[in-house]
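Kindly return the folded structure for what I paste below:
(one chain, ligands or ions: 1)
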Amino acid sequence: MTVRVRIAPSPTGNLHIGTARTAVFNYLFARHHGGKFILRIEDTDLERSRPEYTDNILSGLRWLGLNWDEGPFFQSQRLDLYQAAVEKLLEQGLAYRCYTTSEELEALREAQKARNEAPRYDNRHRNLTPEQRAAFEAEGRSSVIRFQIDDGREIVWNDLVRGKMSWRGSDLGGDMVIARASAEGVGQPLYNFVVVVDDIDMQITHVIRGEDHIANTAKQILLYEALGAQIPEFAHTPLILNQEGRKLSKRDGVTSISDFQQMGFTAEGLVNYMTLLGWSAPDSTQEIFTLEAAAKEFTFERVNRAGAKFDWDKLDWLNSQYLHSTPVDKLTDLLIPFWETAGYTFSGGRERPWLEQLAGLIGASLTRLVDAVAMSKMFFIEAVEFSSEGSAQLQQEGVKATLQGILTALENQPQLSADTAQEIIKQVVKEQKVKKGLVMRSLRAALTGDVHGPDLIQSWLLLNQIGLDKQRLNQAII
Ligand code: GLU
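Coordinates of the predicted model:
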């Protein structure tokens, strides 16, 4: 048997972290077994589905490296298939037309509420006679299609994450609607139904999805049986929780993959973090993985049942590990969009080799790519901005003379290099009889506006290449 799994996002929003994590587990499982990973866009909800969300989902999955083998298939283009399956169930008497109006359903719900009962459809139109049906149609009522659910059934499956699961037919809310009403024929088919028709058609062997779908699985198993198909294996993955232990939601601010991207997480760091959201490697001390390496180890035995708490510190840590090992040319490619978004321009000598040096200078201090905006601001603006410590440093005794000494020495240096820069500092220490620390601190304050920051000599060289060092030193001594 070839393993075939799918991710089936609905384009009613941007690619959500929960969907992306489910995609990761599907991908890892498929790769582990040399199987296929299929992408299906569940766009039957015409009111809420939008093409820009589909674009966001496709580009998000691609960005994360979750490359699919088949698809994307669009449910909106497969309506004939669903229609045929509805007809088949109608012919077999496993589904029927239900003419109950929304007012009648509302009255039913109210009566159930008054009796403290859970709301459910009472299957009142399950066995209509042809005459009753004709009478409803003559009244001009439209009909939904309902699928019969046997209240006495026990539905059991062996979940790959949660073990033995069991549901009673009577807990599924009565005969379920599989297609909406329409003036004629069969109306829009609904989620639980089309998923099953598609999963059968696409020969899906393992349905891996979030645990919020457990009740759907019980219903869907009945549909597999009715359609005469083999029931796949199911794996319900744990939810992603926020710090308070509640399901991560829009209220937590960041939920979509494009948000994480804009915050400066790398695809590798984020996807690595998602593999660990509910799964751990057999050697649980191993946390840094490529997707391919994680796929080798991935099994459902090591997927937790409990919800996975979202841990920003760990995500930051993983992201910094990736950033610190990214080669400088790739790091520059990653940083350029962040610099551009910040409004920095690459003029006045700030060309590719210079940008690469800058990336090399700050790379080791980055946790998120966006950190580069603040860290490299001093290299993109003309006049330096001073922190209070930076300006206090320049007020200290002997600083101006020291900076003047540097400037004078600099005049005789046609080309500044790391060696000549060190030479100049030594020379000023000697001439002015000051400590090297004072020279370094003063130089840093004059050039960068602060007393902390990346390597001073490298920073100086970068500013020298774009002709800002002399200007800033001059500025500091007036
Ligand atoms: N469209 C469903 C969702 O986005 C897919 C559920 C499934 O995998 O069956 O939640």
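
so who does the residue of the stretch 351-478 of the chain found nearest the ligand touch?
In the stretch 351-478 of the chain, the residue that lies nearest the ligand is residue 368 (28.1 Å; CB to the nearest ligand atom). Bear in mind the C-beta positions are built from the backbone N, C-alpha and C, glycine included. Contacts for residue 368 (CB atoms under 8 Å, 6 or more residues apart in numbering) come out as 263-265, 316, 319, 323.

Tell me if I'm right that residue 36 and residue 26 touch.
No - between residue 36 and residue 26 there is no contact under CB atoms under 8 Å: 10.3 Å.

Find residues that contact each of the two.
Residues touching both residue 36 and residue 26 (CB under 8 Å, 6+ apart) are residue 5.

Am I right that the residue of the stretch 351-478 of the chain closest to the ligand sits in a helix?
No - counting by DSSP: H, G, I helix; E, B strand; the rest coil, one finds residue 368 to be coil, located in no helix.

Where does the closest residue to the ligand within the stretch 151-300 of the chain fall, secondary structure wise?
Here the residue of the stretch 151-300 of the chain nearest the ligand is residue 209; by CB to the nearest ligand atom that distance is 3.7 Å. Assigned by DSSP states H and E, residue 209 belongs to strand 206-210.

what's next to that strand, contact-wise?
Here strand 206-210 has contacts from 3-6, 8, 18, 22, 25-26, 29, 160, 199, 217, 232-237, 239, using CB under 8 Å, 6+ apart.

repeat that with 7 Å
By CB atoms under 7 Å, 6 or more residues apart in numbering, the surrounding residues in contact with strand 206-210 are 3, 5, 18, 22, 25-26, 29, 199, 232-237, 239.

Restricted to strands, list those.
Among the contacts of strand 206-210, the members falling in strands (DSSP state E) are 5, 233-237.

Residue 304 contacts residue 278, correct?
Yes - using CB atoms under 7 Å, residue 304 is in contact with residue 278, at 5.2 Å.

Give me the more crowded residue out of the two.
The neighbour count for residue 304 versus residue 278, taken as other CB atoms under 10 Å, is higher for residue 278 (23 against 13).

wait, doesn't residue 109 sit right on residue 119?
Yes - assessed by CB under 7 Å, residue 109 is found in contact with residue 119 at 4.9 Å.

Quick one: residues contacting residue 287.
Going by CB under 7 Å, 6+ apart, residue 287 touches residue 276.

at 10 Å what do you get?
272-273, 275-276, 280-281, 314, 317-318, 321 (CB atoms under 10 Å, 6 or more residues apart in numbering).

again, but for residue 149
Residues near residue 149 by CB under 10 Å, 6+ apart: 120-121, 123, 126, 155, 169-176, 218-219, 222-223.

Could you do residue 238 as well?
Contact analysis of residue 238 by CB under 10 Å, 6+ apart lists 21, 161-162, 210-211, 277-279, 303-308.

and residue 183, what pLDDT?
pLDDT recorded at residue 183 is 65.

distance between whichever strand or helix holds residue 90 and the chain's centre?
Taking DSSP H and E as the definition, residue 90 sits inside helix 79-91. Distance of helix 79-91 from the chain centroid (CA atoms, centre = their mean, to the nearest Å) equals 35 Å.

Can you get me a residue count around the residue of the stretch 151-300 of the chain closest to the ligand?
Neighbour tally, residue 209, other CB under 10 Å: 23.

And for residue 456?
Neighbourhood size, residue 456 [other CB under 10 Å]: 16.

mind checking the SS state of the nearest residue to it once chain neighbours are set aside?
The shortest distance from residue 456 to any non-neighbouring residue, by CB to CB, 6 or more residues apart in numbering, is to residue 444 (5.2 Å). With three-state DSSP as the basis, residue 444 sits in helix.

Which residues are in contact with residue 291?
Residue 291 sits next to 24, 27-28, 31, 64-67, 267-268, 271-272, 274-275, 298 when contact means CB under 10 Å, 6+ apart.

what's the answer for residue 465, then?
Residues in contact with residue 465 (CB under 10 Å, 6+ apart) are 348-351, 353-354, 357, 379, 415-416.

What subset of those is buried?
350, 354, 357, 379, 416 (16 or more other CB atoms under 10 Å).

all helices for the stretch 101-250 of the chain, in order.
Remark: helices assigned in the stretch 101-250 of the chain by DSSP state H, counting those that start in this stretch are 102-114, 130-138, 191-201, 214-226.

Nothing else from me, thank you.
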